[in-house]
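Asker: give the three-dimensional model of this entry:
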Amino acid sequence: MTRSPFRRLVFGSLRRLLYLWVRSETINQSAFSLKLDRSKPVFYVLQQPSLSDLAVIDTECQKAGLPRPVLPVEVGGVLEPAAFFYLTPEPDWLGRQDKRGSSPTLARVVGALNQHAVDDAQIIPVSVFWGQSPDRETSAWKLLFADSWAVTGRLRRLVSILILGRKTRVQFSTPIHLRELVEQDKGHERTLRMVQRMLRGHFRNQKAAVIGPDVSHRRNLVKGLVHGPQVRQAILEESQRENIPLDKAEALALRYGNEVASDYTYTAIRFLELLLSWFWNKIYDGIKVNHIEGVQEVAQGHEVIYVPCHRSHIDYLLLSYLLFKNGLTPPHIAAGINLNMPVIGGLLRRGGAFFMRRTFKGNPLYTAVFNEYLHTLFSKGFPVEYFVEGGRSRTGRMLRPKTGMLAITLRSFLRSNRLPVVFVPVYIGYERVLEVRTYLGELRGASKKKESIFDIFKVIGALKQRFGQVSVNFGEPIKLAEFLDQQQPDWRSQALGPQFRPSWLNEVTNRLGERVAQHLNEAAAINPVNLVALALLSTSKLALDDLALVRVLDLYLALLRRVPYSPHTTLPDGDGQVLIDYVKGMHLLAEQSDALGKILYLDEHNAVLMTYYRNNVLHIFALPALLASFFQSSARISREQILRFTRALYPYLQSELFIRYTLEQLDGVVDQWLGAFVEQGLLKVEGDVYIRPAPSSRQFVLLTLLSRAIAQTLQRFYMATALLLNAGQNAISAEDLEDLCTVMAQRLSILHGLNAPEFFDKSLFRHFIQSLLDEGVLRQDEAGKLSHHPLLNELVEGAAKRVLPAELRLSIRQVAMDRSEDALEVV
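Answerer: You can find the predicted model right below:
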C-alpha cells in the first residue's frame, strides 16, 4: 500500500466487495486494547502477504477505533506510507520464495529508533483465521476448508473466502515495543533478525494456540512409540517373561498403541461441536465464562494441561467448545476404555479422545506404551485434559485426587522438559446437573452405576425441566517448574531419563494433586441454588419463612463479599429475594402460604438432591461455620482460645475439603471472619474477647444456621475418635475402624435424621483416619493396630464441647459403647 490515490481506491473497492459476503469478529479485543499505547506509532505485521487478510484487519481496526493499517503513520518526522508490513515474502506463481530479507518498513522504523528520531514504536502481530466461528457453523463439509497447518495457495484461499467468509476471526497479539529491543544495542542488522525471530515465534505460538500443533499421521505416531527407549526395554522384558519372539512382543506393543492413541482430526472436532453443541445450548439458559484471559496468555509457549472438576459427562464437551470459541485449541482428552464402543468410540477418538484402561497393574508393556504416548503429546505441545478426580462426583464434593495421570505427567516432564508445563484448573458449576436422576438414586443409597456416556441422553425425557445456567471458571494456573522449585529445589540437578523415578516422586505427586484440588475449589462458581441449599439444609425442618430466608441469603452474600474466598471465586448477582425467585423458577423450592405469610421449604425429593449443590460450596463456608459453632455452647471466647481451637480442627477440615489457606495464613483469615461477624452483628467484641448475641435474638439464629453448615462433618470426626477411644490402644486396625464408623454413621443418621448421604461415606472416614496418622495423632504397630496419644480423649472432649450439642455427644458415646462389640464381630 502506498499513498497513491489509485491504489487506495482499488483497496477500498476490494474491501467493500469482500464485505458484501465476509463477516468477521475479533478475539479478545478488550484485553488487547488495554495493552496498546495510542501515543506511540503502531505497525501491524501479517505473517504473509494477503490482501483479503489485510482488508479484514483494516475493517476490524476501524470497528474498534484502532489505528488503521492502510493509513500513513509518522515516525520521527518521516511519513511511512502504511502502518503494516509482511513478515514472510510472497512466493511467485511458480512457488519460488523471494529471499529479500526483512521488510523495508521494519528496517526504516528500527533505523529511526537507533537514531533516536522517535521514542518508541509498537508492532502488533495479527492473524486472520477463516472458518473459526463455531457458533455459526451449519455445514460440516465447510470445515474441510477451514484454516490448518497446510500450505494455503491462492485457489484454496479463494474457496475458503467463498465458503467460510462469514466465519472469520481476527486475533491481535500483545504489542511488541521496539525500543526495548533496540536498547539491547546489538546493531541494526542483528536487531532486525531478532525482531523477525520473535515475530516468527509469535505467529507459530498463536496459530498453535488457536488451531493446535501440527499433527502427524496417527499411524506414524503409533509406530514411533515402539522406538522409545522405555518401550524398547519393556518389549524385551515382555519377550523374555512370556517366552515369545521379539517381533510378537513388538506387535503387541503396536496393538496397545492403536488401542490408546487418538486419531486427532481438527475437522472432526469442529464437526462434533456442531453436532453436540445444540444439545446443551437447548437445555441450559446460558454459559458464564470467567478468567479465560489468563489461559489465553499462558497457552502460548506452554504445554497446557486442563484439569477440570468432574460433575457430568458433558464437562469435556462443554470445555472443548468454550476453548475453541475463545480462540484456544481443544485438548486431547483422557477417556475410560469403557467409552471405546462401536461408532461412539471412533467419533470420540477423532475428536481427540485417547483411551486408557482402568488399571495398568500387571501389564508393564501397556504401561510403557501409554506413558510413551503421553510423553509424545506433551513433547509436541498438544494440550491435554484429564480429570484428577477419576470419576464424576456423586455427592457434589471434590473427590480425592487420583494421582496416576499426574505422576505420568511429572515423570514425562522430568525426562524431558522441552516445553514448560502448566496445569489449568477449570471449575464447572451447574445449577442442575444433567444426570440428576442417576445421582438422586445414588444419593439415596442406591449402588453406584457403571459410568456411561449415554447417561447424558437420559435427560431427553425430562427436557421440560429448567436446568439454569452453567458457570465455567478458569482457576489460577499451576506452573510445574515453579511447583517443583518449591517442593524439591534440587530437581533440576538430578539425573534425567525415561526410567528416572526419584524417591521423592510419590510424595511430590500427592502434594501436586492436593494443590490442583485446592485451585479447583478456589475457582468455585457460587450460584443461587448453592446458597438456598446451604440455608435450608441448615434448618431442622428444611423450611424458613420467606423473610427469614431473604435475611439468611443476604447475610451469606455480605459475608462472602467482605471476606472473598479467592480472586477466582464468583458470586451470583442480586440480593436474597432475587436468588429465591430464581430457585423457585427452577422448581427446586416449594412454597406454602398461611395467614402469617409464606413458608419456603424443600420437599422430600429435592431435600436429598440439594445436598449435592450445598456440597459444591461447603469448602467456602467451612471456616466461618467452624467459628460460628464455637459460640453455640459458649457465650464469651477470647481470640486466643478461638485460634487454638481452630488450629486444632482446621487440618482435618482442610484435608477433607481442600481449603486453600495454609496454617501460616490461618490466623489472619480467622481475624477477617471475626471482623465480618462483628460488622454484621453476629458477634460483639470487648478488648480481646468475642461475645455472642442473646439466644433469643435474630442475630443468634443467623449465627446458629451458619454453624450448622459444618455440623455433620464435625459429628463424623467426633464419632470416629469416640469409636477409636472406646476400642482401646492397639485393639483395632484402620480398616476395621473405617468399617465400624460406616455402620455407626448409618445408625446415627436414622436416629438423628441426618439426611446427608456423605455422612456415612466410607471414603471420608478412610481419609480422616489417614489424616490422623499423618498428623501423628495415631500410630500403627507392626500388626496394623492403631494406638493414640494418651491425652486424645481430653483434647477431643474439650473441642467437642465447643462445637457439638451435649445431646448428640452423649448419643454418639452411647452408641459407640453399646454397639461397637457387635459391629466388630460383623466386620
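Asker: which secondary structure state does residue 49 sit in?
Answerer: When classified by DSSP: H, G, I helix; E, B strand; the rest coil, residue 49 comes out as coil.
Asker: buried set for whichever helix or strand residue 518 is part of?
Answerer: Using DSSP states H and E, the element containing residue 518 is helix 505-522. Neighbour-count burial for helix 505-522, counted by 16 or more other CB atoms under 10 Å, picks out 505, 508-509, 511-522. C-beta coordinates here come from the backbone N, C-alpha and C atoms, glycine included.
Asker: ranges for the helices of the stretch 251-400 of the chain?
Answerer: Using DSSP state H, counting those that start in this stretch, the helices of the stretch 251-400 of the chain run over 266-283, 292-298, 315-325, 344-350, 364-380.
Asker: for those helices, which one sits closest to residue 85?
Answerer: helix 292-298 (25.2 Å; CB to CB).
Asker: buried set for that closest one?
Answerer: 292, 295-296, 298.
Asker: so what's residue 669 up against?
Answerer: For residue 669, the contacting residues are 563, 623, 661, by CB atoms under 8 Å, 6 or more residues apart in numbering.
Asker: and the host helix or strand of the second one, what does it pack against?
Answerer: Under DSSP H and E, the secondary-structure element containing residue 623 is helix 618-629. Of the remaining helices and strands, those touching helix 618-629 by 3 or more CB pairs under 8 Å, 6 or more residues apart in numbering; DSSP states H and E are helix 546-562, helix 639-657, helix 663-679, helix 698-707, helix 711-727, helix 792-803.
Asker: correct me if wrong: residue 661 contacts residue 654.
Answerer: Yes. Here residue 661 reaches residue 654: they are 7.3 Å apart, a contact under CB atoms under 8 Å.
Asker: now tabulate the buried residues of helix 292-298 in CSV and tack on pLDDT.
Answerer: Supplementary listing: those in CSV, determined by pLDDT from 0 to 100:
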residue, pLDDT
292, 93
295, 92
296, 88
298, 90
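Asker: can I get these in a markdown table with distance to residue 794?
Answerer: Listed next are these as a markdown table, based on distance: CB to CB, whole Å:
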| residue | distance to residue 794 |
| --- | --- |
| 292 | 52 |
| 295 | 50 |
| 296 | 55 |
| 298 | 50 |
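Asker: just to check, residue 250 is in contact with residue 234?
Answerer: No. In this structure, residue 250 is not within contact of residue 234 by CB under 8 Å, at 10.3 Å.
Asker: circling back: compare the helices and strands packed on helix 618-629 and say which comes out lowest on pLDDT.
Answerer: Note on these: helix 792-803 shows the lowest mean pLDDT, a mean of 79.
Asker: which one is residue 432 nearest to, not counting chain neighbours?
Answerer: Using CB to CB, 6 or more residues apart in numbering and skipping the chain neighbours, the partner closest in space to residue 432 is residue 467 (4.5 Å).
Asker: can you give me phi and psi for the one you found?
Answerer: phi -100, psi 0 (degrees, to the nearest 10).
Asker: what number of residues lie near it?
Answerer: Neighbour count of residue 467, defined by other CB atoms under 10 Å: 20.
Asker: tell me the pLDDT of it.
Answerer: Predicted confidence (pLDDT) for residue 467: 87.
Asker: OK, contacts around it?
Answerer: Listed by CB under 8 Å, 6+ apart, the contact set of residue 467 reads 283-285, 430-432, 434, 586.
Asker: swap in 6 Å and give it another go.
Answerer: Residue 467 sits next to 283-284, 432 when contact means CB atoms under 6 Å, 6 or more residues apart in numbering.
Asker: so residue 661 belongs to a strand, correct?
Answerer: No. Assessed with three-state DSSP, residue 661 is coil; it does not lie in a strand.
Asker: next, give phi and psi for the closest residue to residue 546 other than its chain neighbours.
Answerer: Once flanking residues are discounted, residue 546 sits nearest to residue 598: 4.3 Å by CB to CB, 6+ apart. When read as degrees, to the nearest 10, the backbone of residue 598 gives phi -100, psi 140.
Asker: bridged to residue 598, which residues?
Answerer: For residue 598, the beta-bridge partners under DSSP bridges are residue 593.
Asker: so it versus residue 589, what's the distance?
Answerer: Going from residue 598 to residue 589 by CB to CB, to the nearest Å gives 11 Å.
Asker: and the contacts of stretch 298-316?
Answerer: Residues contacting stretch 298-316 (CB under 6 Å, 6+ apart): 205, 209, 280, 319, 328, 331, 333, 378, 381, 383-385, 387-389, 392-393, 419-428, 433-435, 453, 455-456, 477, 516, 520.
Asker: same check on stretch 43-59?
Answerer: Outside stretch 43-59, the residues that touch it by CB under 6 Å, 6+ apart are 15, 18, 24, 68-70, 83-88, 90, 123-126, 128, 161, 168, 199, 203.
Asker: okay, and which of those residues map to helices?
Answerer: The members of the contacts of stretch 43-59 that map onto helices under DSSP state H are 15, 18, 161, 199, 203.
Asker: burial measure for the nearest residue to the last one once chain neighbours are set aside, as a count.
Answerer: Nearest-residue entry for residue 203: residue 47, 4.7 Å, with adjacent residues in sequence omitted and distances by CB to CB, 6+ apart. A count of nearby residues for residue 47, using other CB under 10 Å, gives 20.
Asker: the closest residue to residue 548 other than its chain neighbours: neighbouring residues, count only.
Answerer: Closest residue to residue 548 apart from its sequence neighbours, by CB to CB, 6+ apart: residue 701 at 8.0 Å. A count of neighbours around residue 701, defined by other CB under 10 Å, yields 17.
Asker: distance check, residue 701 against residue 268.
Answerer: If you measure residue 701 against residue 268 using CB to CB, the figure is 57 Å.
Asker: what of residue 600?
Answerer: For residue 600 relative to residue 268 (CB to CB), the value is 48 Å.
Asker: over to residue 228?
Answerer: 27 Å.
Asker: in contact with residue 678, which residues?
Answerer: Applying CB under 6 Å, 6+ apart, we find residue 678 in contact with residue 685.
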